[in-house]
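Requesting a structural model of the entry that follows:
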Amino acid sequence: TPQQDCYRCSRYKSNTGDCTMHFIREETLKLFVLQRIFDVTALFFDDAMAFEEAARKQRFQEAEKEAKKRKREIAQAEKRIGELDRIFKRIYEDDISGTISHERFLKLSTDYEAEQKELTEQVKVWREAVETFEQDQADFASFAAIVRKYVGIRELTPTIVNEFVKKIIVHAPDKSSGHRRQKIELIWNFIGEVTLPGDDQTVERQRKGRTA
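Coordinates of the predicted model:
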């Protein structure tokens, strides 16, 4: 048979000892990637809402609930921080007027300042979580724009692959069924790993029987 270009596991090649010897033919990988990209663009073209729902359900559903919760907590914490400012001002005035003892003022102010500091730090963490979610939402929109650009794709080019795919993971083949089945994971740009309806992440090649 003619010589065929293949990709071989770099970890095995470098003799690190943490990976098996496995490979995939370049043409097989190209066809797999093309089919996955075609399926994604076709799903988007046929039913953009289904595409969005499938991707968002896996990536954003729980994150969206969490972001809404964090926003409520931020609002409550900021309200309390404002209240503490007013309370501190009032007990300071009470200290000056002698309504409360200075020792009492020091204790209360220490407690309130500690609470305010804790809330301020927590708000910062929650804001970062919300900003991460909002960035993920923006990333999804960016991925959707790429999908629209290539609806109906029939040919794969390095430019197209680079726009769609962040990383490709080729697993060692499984031959237990009598067929060579090999799992391939595509990590998409912007949205990471998302399994869409009808996805098949394996390539299969029947093993030829021996002849006498």
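
Which of the helices or strands spans I168?
Element membership for I168 (DSSP states H and E) is strand 165-170.

That strand: which residues count as buried?
Buried positions in strand 165-170, judged by neighbour count with 16 or more other C-beta atoms under 10 Å: I168, V170. To be clear about C-beta, it is placed using only N, CA and C from the backbone, and glycine gets the same treatment.

strands paired with that strand, and their directions?
strand 179-188 (antiparallel) (DSSP bridges).

Doesn't E155 belong to a strand?
No. Using DSSP: H, G, I helix; E, B strand; the rest coil, the assignment for E155 is coil, not a strand.

CA atoms only for the strand holding I168 - export them in CSV, please.
What follows is strand 165-170, C-alpha atoms only, in CSV (Å, rounded to 0.1, in the frame of the first residue of the first chain):
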residue,chain,number,x,y,z
VAL,A,165,-10.3,24.0,17.2
LYS,A,166,-8.1,24.8,20.2
LYS,A,167,-6.8,21.3,20.8
ILE,A,168,-7.3,17.7,19.5
ILE,A,169,-6.8,14.8,21.8
VAL,A,170,-6.3,11.4,20.2
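
Now do that strand, average pLDDT.
Strand 165-170 carries an average pLDDT of 88.

Please list the residues outside that strand that contact it.
Under the contact criterion C-beta atoms under 8 Å, 6 or more residues apart in numbering, strand 165-170 has outside partners 7, 9, 22, 24, 29, 33, 182-189, 192.

how far does it sit from the chain's center?
Its chain's average C-alpha position is 14 Å from that of strand 165-170, according to C-alpha atoms, centre = their mean, to the nearest Å.

Could you chop the protein up by domain?
6-59+151-206, 61-147 (automatic domain parsing).

These: lowest mean pLDDT?
domain 6-59+151-206 (a mean of 72).

what about R25, distance to R36?
16 Å (C-beta to C-beta, to the nearest Å).

the more surrounded of these two?
Taking neighbours as other C-beta atoms under 10 Å, R25 and R36 compare with R36 leading, 20 against 14.

I'd guessed that one sits against W188; true?
No. When contacts are counted by C-beta atoms under 8 Å, R36 is not listed as touching W188 (9.3 Å).

which residue ranges form the strands in the protein?
6-8, 23-25, 165-170, 179-188, 202-206 (DSSP state E).

Contact partners for E66?
Counting by C-beta under 8 Å, 6+ apart, E66 touches A129, F133.

how much space between it and F133?
7 Å.

Check which helices and strands the lengthiest helix in the chain sits against.
Assignment by DSSP state H gives helix 102-149 as the longest helix of the chain. Here helix 102-149 touches helix 26-46, helix 48-59, helix 61-97, helix 158-164, going by 3 or more C-beta pairs under 8 Å, 6 or more residues apart in numbering; DSSP states H and E.
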